[in-house]
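Engineer: The sequence isn't on hand, but the structure is:
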């Protein structure tokens, strides 16, 4: 019995990856030149803008970025004066990360741009479709949680 070929352009993981890369790339053009940061740095800023005091490992978990990418982004942000690192009192090997005053200023400028970009992107969907998309993404993430524990 002949197997059906993999039609990559219809393969959901591929399509999601392409869409994610296109959306992230388009959004990054709004802040890359102005603030000198890339996608990983922005994701760290966005996470710490909402959840100050996380460790780099916690940022990696929340962002689904690998630890090396987060480590590089943290180092870049720290060198630009956008992030402060404080040693954890309970475990000297860990650091707590927070946005510096300058980092909070960058977050305050970029967050509205990001939300505006999201609103513009979603204008192709009805309100019901946007809500359905949100539910579908949650369902797929839940299934990925199950699949991750099965492997």
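Structural biologist: Arrived safely, thanks for sending. The structure presented is a predicted model; accordingly, all values stated were derived computationally and were not measured.
Engineer: From here on, just use CA atoms for contacts and neighbour counts.
Structural biologist: OK.
Engineer: As a check, name the ranges of all strands in this protein.
Structural biologist: 83-87, 95-99 (DSSP state E).
Engineer: Run through who's touching stretch 12-32.
Structural biologist: Contact with stretch 12-32 is made by 8-9, 37-39, 110, 113-114, 117, as judged by Cα atoms under 8 Å, 6 or more residues apart in numbering.
Engineer: Quick one: closest of the strands of the chain to residue 3.
Structural biologist: Nearest of the strands of the chain to residue 3, taken as Cα to Cα: strand 95-99 at 50.4 Å.
Engineer: Make JSON lines from the strands of the chain and add distance to residue 63 and mean pLDDT to it.
Structural biologist: Output for the strands of the chain, formatted as JSON lines (distance: least, Cα to Cα, whole Å; pLDDT from 0 to 100):
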{"stretch": "strand 83-87", "distance to residue 63": "17", "mean pLDDT": "92"}
{"stretch": "strand 95-99", "distance to residue 63": "14", "mean pLDDT": "95"}
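Engineer: taking these together, which one is wrapped up most tightly?
Structural biologist: Of all the strands of the chain, strand 95-99 carries the top mean neighbour count, a mean of 22, counting by mean count of other Cα atoms under 10 Å.
Engineer: Show residues contacting that one.
Structural biologist: 45, 48-49, 52-56, 82-88.
Engineer: ok, now with 7 Å
Structural biologist: 48-49, 52-55, 82-88 (Cα atoms under 7 Å, 6 or more residues apart in numbering).
Engineer: Great, nothing more from me.
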